[in-house]
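Engineer: Let's see this in three dimensions:
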Amino acid sequence: MARADDTERRTAGRGGPGGPPAPGPADLQAFAVQLRRMNGEINRMVHGFAHRNGLHVTDVQALAAILDADEPMTPGRLREHLGLTSGAVTACVDRLERAGHVTRVRESSDRRVVHLYYAADAKPAARSYFRPLAQAAGTALARFDDAELAVALRFLTALNEELALRDASGRS
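Structural biologist: Below you'll find the predicted structure:
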């Protein structure tokens, strides 16, 4: 006879009763291991890029936030995103601007508003350095069909949404 927790696990999957089982502890462990490995490899590349360009790792995180932003990044939004003080963000943006990686542009309608943009001249260096990451991603993507990639993207999006709900200590 199936125990209640086994039944709950089997029916907690995407398809509800009779659907695929929810991931078990071994599945979660395997995901955690692979996510840590991927994070480590990406961090290794980020540290190398930072070192090669005379930047701090936080500066590279700031560049990624500026590049990935849905709308022009402001120092205030960058501060929130990185969890830094205003002074630390100012120092970070100053370093990035001196190194030619970002430009500050004052909003024409409100001169107090500053937008941060990834400098067009800096993009080729970043593309060149991170080309092996893009090539590895392309090679890995080629191993999956469109439906599998859609599921993988949905998972990564959901995981990032869940992580964004937690503070720096990991609590909700």
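Engineer: Next SSE downstream of the lowest-mean-pLDDT helix or strand in the chain?
Structural biologist: Ranked by mean pLDDT, DSSP states H and E, the weakest helix or strand in the chain is helix 4-11, scoring a mean of 41. The element immediately downstream of helix 4-11 (helix or strand, assigned by DSSP states H and E) is helix 25-52.
Engineer: Just give me how far that next one sits from the chain centre.
Structural biologist: Helix 25-52 has its average C-alpha position 12 Å from the chain's average C-alpha position, going by C-alpha atoms, centre = their mean, to the nearest Å.
Engineer: who does that helix touch, helix- and strand-wise?
Structural biologist: Helix 25-52 makes packing contacts with helix 57-68, helix 123-141 when contacts are defined by 3 or more C-beta pairs under 8 Å, 6 or more residues apart in numbering; DSSP states H and E. Where you see a C-beta, it was placed from the backbone N, CA and C, and this is true even at glycine.
Engineer: let's see 10 Å
Structural biologist: With contacts taken as 3 or more C-beta pairs under 10 Å, 6 or more residues apart in numbering; DSSP states H and E, helix 25-52 sits against helix 57-68, helix 123-141, helix 146-164.
Engineer: Go through those and pick out the most buried.
Structural biologist: Ranked by average neighbour count under the criterion mean count of other C-beta atoms under 10 Å, the helices and strands packed on helix 25-52 are headed by helix 57-68 at a mean of 19.
Engineer: so how far is that one off the chain centroid?
Structural biologist: Once both centres are worked out by C-alpha atoms, centre = their mean, helix 57-68 turns out to sit 10 Å from its chain's centre.
Engineer: So which other helices or strands are in contact with that helix?
Structural biologist: Helices and strands touching helix 57-68, by 3+ C-beta pairs under 10 Å, 6+ apart, are helix 25-52, helix 75-82, helix 86-98, strand 102-106, strand 114-118, helix 123-141.
Engineer: what comes up buried for the fifth one?
Structural biologist: Taking 16 or more other C-beta atoms under 10 Å as the neighbour-count basis, strand 114-118 is seen to contain the buried residues 114, 115, 116, 118.
Engineer: How about the longest one?
Structural biologist: In terms of neighbour count (16+ other C-beta under 10 Å), helix 25-52 has its buried residues at 45, 46, 49, 50.
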